[in-house]
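Turn this into a structure:
(one chain, ligands or ions: 1)
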Amino acid sequence: MKDWHWVLVFASILITPFLPVLMKAKCPECKKRKLNSLETLRDFAAPGQERIYNTFHRCDACLAYFKQVNSKALVASSHDEYEAAVREAQLRQPVAP
Ligand SMILES: [Zn+2]
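Alright, predicted model coming up:
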């Protein structure tokens, strides 16, 4: 009997579209896997020559905002901070026509 092999093949095909959902990061606030990454934006307020990039995340469950500085650990952020970063990025790097 080789049927089990095909069961595995079909199961992996069926599950593939759901993998991004299953692989979602855990929210540090409510511990649910509902963390969505929003955008990675450069932090223009950062001092010195080093380029700082903030990746913003929002939790779908508790709506908390987080940011990740240069792909390090998540720290708490806010909607206001995210909006400000988006505005700043649009001002400094206008979308080319
Ligand atoms: Zn949450």
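
Are the helix or strand that contains V75 and the ion in contact anywhere?
Using DSSP states H and E, V75 falls within strand 74-77. No: Strand 74-77 does not reach the ion (C-beta under 5 Å from the ion); its nearest approach is 11.0 Å. In short, each C-beta sits where N, CA and C put it, glycine included.

Mean confidence (pLDDT) on the next helix-or-strand element following that strand, please.
Remark: after strand 74-77, the chain's next helix or strand is helix 79-92, criterion DSSP H and E. Per-residue pLDDT values over helix 79-92 give a mean of 92.

The strand holding V75 pairs with which strands, and in what direction?
Strand 74-77 pairs in its sheet with strand 65-69 (antiparallel), by DSSP bridges.

the inter-axis angle of the partner strand versus helix 79-92?
Interaxial angle of strand 65-69 relative to helix 79-92 (axes from the mean of the first three to the mean of the last three C-alpha atoms, to 10 degrees): 50 degrees.

Would you mind listing the buried residues in strand 65-69?
Neighbour counts over strand 65-69 (16 or more other C-beta atoms under 10 Å) mark 65-68 as buried.

Save those residues as a markdown table, and put in pLDDT too.
Putting the buried residues of strand 65-69 into a markdown table (pLDDT from 0 to 100) gives the following:
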| residue | pLDDT |
| --- | --- |
| Y65 | 98 |
| F66 | 97 |
| K67 | 95 |
| Q68 | 95 |
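
could you dump the residues you listed to a markdown table with distance to R87?
Shown next, in a markdown table, are the buried residues of strand 65-69 (distance: C-beta to C-beta, whole Å):
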| residue | distance to R87 |
| --- | --- |
| Y65 | 15 |
| F66 | 19 |
| K67 | 15 |
| Q68 | 20 |
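
Many thanks, we can stop here.
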